[in-house]
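In: here are the coordinates; sequence isn't available:
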C-alpha cells in the first residue's frame, strides 16, 4: 500500500529494458499488478477529453518507445490483469504447501517432500518411508544394558526392563503398538536454547485386546503422548509403530483404523447427536449402513433419547459420551480416549466406564486419566507419567504391591465400650505395624445390618486402622479370619 504508488510508475511504467525483469517480479505480488492496472485505467479516464480504456485496448502496449532499448518493451493493462490470475494460482499452491509442512495447533506437519510420497496421491507408499529415512534420518533415542541411556539410576526397574525388551524386540504378547524412544520437545530457539521436554525417552508396548492407561498429573506428558500417537503432533525423536505402521510415515493409513476422543469435544452446537455420528461416519469413509451405525453408537452410550436434539443443549457429560461414540464409529482397531470421563456425574461415569470395558474386546484402547480408581477398574497395563518420563509401569496389582502403603480398615463400633474392645482386639491380633489412622463421626442413617452385627447409626464414630503392606498376599488371611469370628462379639 505504501510502496506501490512510488514503485509502480518508476519500475512498471518505465520503458527502459533494464527493468523488464523487475516488472515481471513485481507482477508476481498481487498488489502491484492490481495497482498498476487500475492506475492506468483511472489515468486514462481523467480529464475532459479522456476516452477511458475500451475492451479492445486492454492488450495495447502502454510503454512509450525508447531509442536506447535494444529490444522493444511491451506491457499492457491486460497483462497485469493476467498476472493477477497467475498470482492466484501460485499463492494458492504456496498456501496449500505451507498448510501441510508448517505445524499448527490443529495438526502435524508433513515432510517438506511430502508431494513425492505416492501415498499422498492415493498410490502405494511402501517405499517412500524408507527413502525418506535414508535421505533425512530421524535421530532416535537408544537403550543400554540398564534401560534408557540418559535415565541413570532414577529409572524404575520395571520401566527399564520394559525399555530393554522393546529395544530388543522381546514381548510377552504380540505387540499392537510399540513406542520406541519417543521424545517431544517444545521451544529451543535462539532466545531459549534449552527446549521444554514434554515427553522424553519413552519406551513401552501395548498388546491386542488390551486397555493401556497413561496416569499422571496435569503437565505430565499424557496428552502430548496421546497427540503424537493420534497424529495430532509430530515426534521430535523416536517413533511409534501401530500394527507395523509408523506414525512418522504412515499416518494417513493409520487414521483409517483409528478412533480418537480428544480432551476437548469437537462438536457443533447446531447439529444433533445423530447428525454428528452420521457426518463423522461419512468423513471416516464408513462403507456400511451409516444410519444403523449411528443408532448403534447412540444406544451404546445411552444417548438414544437425545438423538435428535441439538448438541448446544447437552450437558458436559452428554457431550463426552457423544465424543466417545464418535471415536467408536466403524469399530476401529485402536481407540484413543483422552480423559473421557471429564465432566460426568458419578452415575454416568460408571456407565461410561462399563461401556469402555466392554469396548476393549477386539481392539487396543489407550486411555489417559487422572483418577486411579477408573484406571484400576479398566486398565490391563498402567504407565505412570511425570515430567515427561515414565516413572512406573505394570498392572494395577503390581503397582499397588510395589508402591502401596497397605490397607485402610474402617469399623463402626456400636458403643464406646465396643470401641475400646475393637482397639484391644487390634492390639492383640493385627499385623505388626498397624496404626490407628483416624476416628471421626459419620453421617450415615443406616440402623440395621444383614449380617446380624451392630450397624452404624447417625452420629456414630468410625475408627480407621492403617494395615501395613504385606509382601505375601496371604499374610492377612489369619487376621481377617479372626476378625470375622469376633465381629459380632466386638459390636462392629
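Out: Done, it's in. Please read these numbers as outputs of a predicted model, since none were measured by experiment.

In: List the single closest residue to residue 251 in space, sequence neighbours excluded.
Out: Excluding its sequence neighbours, the residue lying closest to residue 251 (C-beta to C-beta, 6 or more residues apart in numbering) is residue 231, at 4.3 Å. (C-beta placed from N, C-alpha, C; glycine too.)

In: Oh, that last question was meant for residue 262, not what I typed.
Out: Per C-beta to C-beta, 6+ apart, closest to residue 262 is residue 338, 5.4 Å.

In: ok so, going back, so what's the residue nearest to residue 251 up against?
Out: 107-108, 247, 251, 254-255, 258 (C-beta atoms under 8 Å, 6 or more residues apart in numbering).

In: Could you do residue 103 as well?
Out: Contacts of residue 103 (C-beta under 8 Å, 6+ apart): 109, 233-234.

In: and it, how far is that from residue 184?
Out: Remark: distance between residue 103 and residue 184 (C-beta to C-beta, to the nearest Å) = 12 Å.

In: Residues in contact with both of those two, list them for me.
Out: Residues touching both residue 103 and residue 184 (C-beta under 8 Å, 6+ apart) are residue 233.

In: so how far is the helix or strand hosting residue 373 from its chain's centroid?
Out: Using DSSP states H and E, residue 373 sits within helix 372-378. Relative to its parent chain, helix 372-378 has a centroid offset of 20 Å by C-alpha atoms, centre = their mean, to the nearest Å.

In: buried sites along the very next helix or strand once past that helix?
Out: Next along the chain after helix 372-378, taking DSSP H and E as the criterion, comes strand 381-386. Within strand 381-386, the residues scored as buried using 16 or more other C-beta atoms under 10 Å are 381-385.

In: would JSON lines of those with distance to residue 435 and pLDDT be doable?
Out: Formatted as JSON lines, those follow (distance: C-beta to C-beta, whole Å; pLDDT from 0 to 100):
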{"residue": "381", "distance to residue 435": "32", "pLDDT": "91"}
{"residue": "382", "distance to residue 435": "28", "pLDDT": "91"}
{"residue": "383", "distance to residue 435": "31", "pLDDT": "91"}
{"residue": "384", "distance to residue 435": "26", "pLDDT": "91"}
{"residue": "385", "distance to residue 435": "31", "pLDDT": "90"}
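
In: okay, and for the stretch 251-400 of the chain, where does confidence drop off?
Out: For the stretch 251-400 of the chain, applying pLDDT under 70 flags no range at all.

In: Tell me who's in contact with residue 236.
Out: 183-185 are the contacts of residue 236 under C-beta under 8 Å, 6+ apart.

In: The helix or strand harbouring residue 89: how far from the chain's middle?
Out: Per DSSP H and E: residue 89 is located in helix 77-101. Helix 77-101 sits 34 Å away from the centroid of its parent chain (C-alpha atoms, centre = their mean).

In: again with stretch 178-197
Out: On C-alpha atoms, centre = their mean, the centre of stretch 178-197 falls 17 Å from the chain's centre.

In: Report the mean per-residue pLDDT for that stretch.
Out: Averaging pLDDT along stretch 178-197 gives 79.

In: Please apply the same query to stretch 75-94.
Out: For stretch 75-94, the mean per-residue pLDDT is 90.

In: how distant is that stretch from the center of its chain?
Out: 41 Å.

In: do the same with stretch 50-70
Out: For stretch 50-70, the distance to the chain centre is 60 Å (C-alpha atoms, centre = their mean).

In: buried stuff in that stretch?
Out: By 16+ other C-beta under 10 Å, the buried positions in stretch 50-70 come out as 53, 58, 62-63.

In: can you check stretch 100-113 too?
Out: 100, 107-108, 110-111.

In: now swap in stretch 238-245 and tell me
Out: 238-243, 245.

In: and what of stretch 194-204?
Out: For stretch 194-204, by 16+ other C-beta under 10 Å, it's 197-204.

In: would CSV of the residues you listed with distance to residue 289 be doable?
Out: As requested, the buried residues of stretch 194-204 are arranged in CSV below (distance: C-beta to C-beta, whole Å):
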residue, distance to residue 289
197, 47
198, 42
199, 40
200, 46
201, 46
202, 40
203, 42
204, 38
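
In: Now do the end-to-end distance for stretch 294-306.
Out: 13 Å (C-alpha to C-alpha, to the nearest Å).

In: Next: stretch 187-207.
Out: Stretch 187-207 end-to-end distance (C-alpha to C-alpha) = 34 Å.

In: Could you tell me how far that stretch lies from the centre of the chain?
Out: For stretch 187-207, the distance to the chain centre is 16 Å (C-alpha atoms, centre = their mean).

In: now, among the contacts of residue 231, which is nearest to residue 156?
Out: Closest approach to residue 156 among the contacts of residue 231 (C-beta to C-beta): residue 247, at 25.5 Å.

In: Hmm, that closest one is touching residue 227, no?
Out: No. Residue 247 is beyond contact range of residue 227, at 10.4 Å (criterion: C-beta atoms under 8 Å).

In: Which residues are in contact with each of those two?
Out: Among the neighbours of residue 247, none is also in contact with residue 227 (C-beta under 8 Å, 6+ apart).

In: isn't residue 295 right next to residue 308, touching?
Out: No. When contacts are counted by C-beta under 8 Å, residue 295 is not listed as touching residue 308 (11.4 Å).

In: sorry, back to before: from the buried residues of stretch 50-70, pick the one nearest residue 352.
Out: Checking the buried residues of stretch 50-70 against residue 352 by C-beta to C-beta gives residue 58 as the nearest, at 66.3 Å.

In: Ramachandran angles for the closest one?
Out: When read as degrees, to the nearest 10, the backbone of residue 58 gives phi -60, psi -30.

In: Next, work out how far apart it and residue 22 are.
Out: 22 Å.

In: go on, residue 155?
Out: For residue 155, the distance to residue 22 - C-beta to C-beta - is 62 Å.

In: Next one: residue 96 relative to residue 316, how far apart?
Out: For residue 96 relative to residue 316 (C-beta to C-beta), the value is 37 Å.

In: picking that back up, against which helices or strands is the helix holding residue 89 packed?
Out: For helix 77-101, the packing partners by 3 or more C-beta pairs under 8 Å, 6 or more residues apart in numbering; DSSP states H and E come out as helix 20-27, helix 30-44.

In: just these: most buried one?
Out: Of the helices and strands packed on helix 77-101, the one with the most neighbours on average (mean count of other C-beta atoms under 10 Å) is helix 30-44, at a mean of 18.

In: any idea of the mean pLDDT in it?
Out: On average, helix 30-44 scores 81.

In: Need the residues that contact it.
Out: Contacts for helix 30-44 (C-beta under 8 Å, 6+ apart): 1, 4-5, 7-8, 12-13, 26-27, 50-53, 62, 77, 80-81, 83-84, 87-88, 91.

In: same deal with stretch 164-183?
Out: 140-143, 145, 147-148, 197, 199-208, 210, 212, 225, 228-229, 235-243, 333-334, 364, 366.

In: sorry, back to before: tell me what angle the helix holding residue 89 forms with helix 20-27.
Out: Helix 77-101 and helix 20-27 are oriented at 60 degrees to each other (axes from the mean of the first three to the mean of the last three C-alpha atoms, to 10 degrees).

In: for helix 77-101, which positions count as buried?
Out: Across helix 77-101, burial judged by 16+ other C-beta under 10 Å covers 77, 79-83, 87, 100.

In: now those residues as a markdown table including distance to residue 121?
Out: Listed next are the buried residues of helix 77-101 as a markdown table, based on distance: C-beta to C-beta, whole Å:
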| residue | distance to residue 121 |
| --- | --- |
| 77 | 39 |
| 79 | 34 |
| 80 | 35 |
| 81 | 33 |
| 82 | 30 |
| 83 | 29 |
| 87 | 26 |
| 100 | 13 |
